[in-house]
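In: Mind looking at a prediction? Sequence and model below.
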Amino acid sequence: MAEGNSFVAVVNDTTTKLTRTTNGGKEKTYSPSYKTVISGTNHAQLLGKKIGDVIEGVFVGEGESLLTGYKLEITGGSDKTGTPMRRDLEGGSRQAILVTASTGFKGHYLVSKTKKGEKKRFRYKPDGMRMRRVFRGNTITQDTRQINLKVVDAGNIGLDTLLGAGEGAAPAE
């Protein structure tokens with residue numbers, strides 16, 4: 001976990017497509033993700049950037065694992081408490097807003113019923129359901145701990161070589 005003046009950067013390699021088989025036997029295609037730490041002067045370079053900005057890969061990674069030749073787009077992130085960043089909120093502060101089903105809110109209740117010894121759970125999704133949720137603004141600040149990035153332009157060397165072949169994030173089922 002990042003401490004002090006550093007970010008955890010999760011870089012999604014959109015140029016590479018891999019396939020895997022799910023437990024149900026279906027073939028799924030996914031793009032691998034790699035985790036690295038941004039600290040020092042690179043940390044200061046990213047402060048004030050917003051979701052949607054394109055940055056140079058030189059600011060991501062440390063030592064020999066700098067992503068020279070890459071262009072990366074900021075797609076999101078979260079703060080030190082795990083609060084997600086939201087593209088449509090200006091600034092870097094925490095704000096409580098009323099939202100429908102979208103980023104940070106699924107828009108349904110889980111309801112459990114017991115009938116004749118069987119327990120059933122289903123999603124109840126009422127029309128117009130809204131909830132007040134807390135989000136972080138779209139600007140990277142000192143409180144930001146994780147930044148999500150995606151590859152826009154790839155460099156000469158692959159991400160699996162630069163950031164480690166065995167460190168790719170496993171896809172969610």
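Out: Done, it's in. These figures come from a predicted structure and were not determined experimentally.
In: so who does residue 59 touch?
Out: Contact analysis of residue 59 by C-beta atoms under 8 Å, 6 or more residues apart in numbering lists 38, 42, 45, 46. No exception for glycine: its C-beta is placed from N, CA and C like everyone else's.
In: Buried members of those into ChimeraX, please.
Out: Under the burial definition 16 or more other C-beta atoms under 10 Å, those of the contacts of residue 59 that qualify are selected in ChimeraX by:
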select :38,42,46
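In: Mind putting the contacts of residue 59 into CSV with distance to residue 158 and pLDDT?
Out: Formatted as CSV, those follow (distance: C-beta to C-beta, whole Å; pLDDT from 0 to 100):
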residue, distance to residue 158, pLDDT
38, 20, 87
42, 21, 85
45, 24, 88
46, 23, 89
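In: Strands - which of the contacts of residue 59 land there?
Out: Cross-referencing those against strands under DSSP state E gives residue 38.
In: now the helices for this structure?
Out: 41-46, 159-163 (DSSP state H).
In: winner for burial among these?
Out: With neighbours defined as mean count of other C-beta atoms under 10 Å, these peak in mean count at helix 159-163, which reaches a mean of 18.
In: From the contact counts, what lies against that helix?
Out: strand 33-39 (3 or more C-beta pairs under 8 Å, 6 or more residues apart in numbering; DSSP states H and E).
In: rerun at 10 Å
Out: Applying 3 or more C-beta pairs under 10 Å, 6 or more residues apart in numbering; DSSP states H and E, one finds that helix 159-163 contacts strand 6-12, strand 33-39.
In: shaky segments in the chain?
Out: 1-4, 63-65, 165-173 (pLDDT under 70).
In: Residue nearest the middle of this structure, spatially speaking?
Out: Taking C-alpha atoms, centre = their mean, the centroid of the chain lies closest to residue 148, which sits 4.1 Å from it.
In: any idea how far that one is from residue 111?
Out: 32 Å (C-beta to C-beta, to the nearest Å).
In: for stretch 142-160, which positions count as buried?
Out: 144, 145, 146, 147, 148, 149, 150, 151, 154, 159.
In: show me what contacts the nearest residue to residue 88 once chain neighbours are set aside?
Out: Of all residues not flanking residue 88 in the chain, residue 138 sits nearest, at 7.3 Å (C-beta to C-beta, 6 or more residues apart in numbering). The contact partners of residue 138, taken as C-beta atoms under 10 Å, 6 or more residues apart in numbering, are 49-53, 74, 76-77, 85-92.
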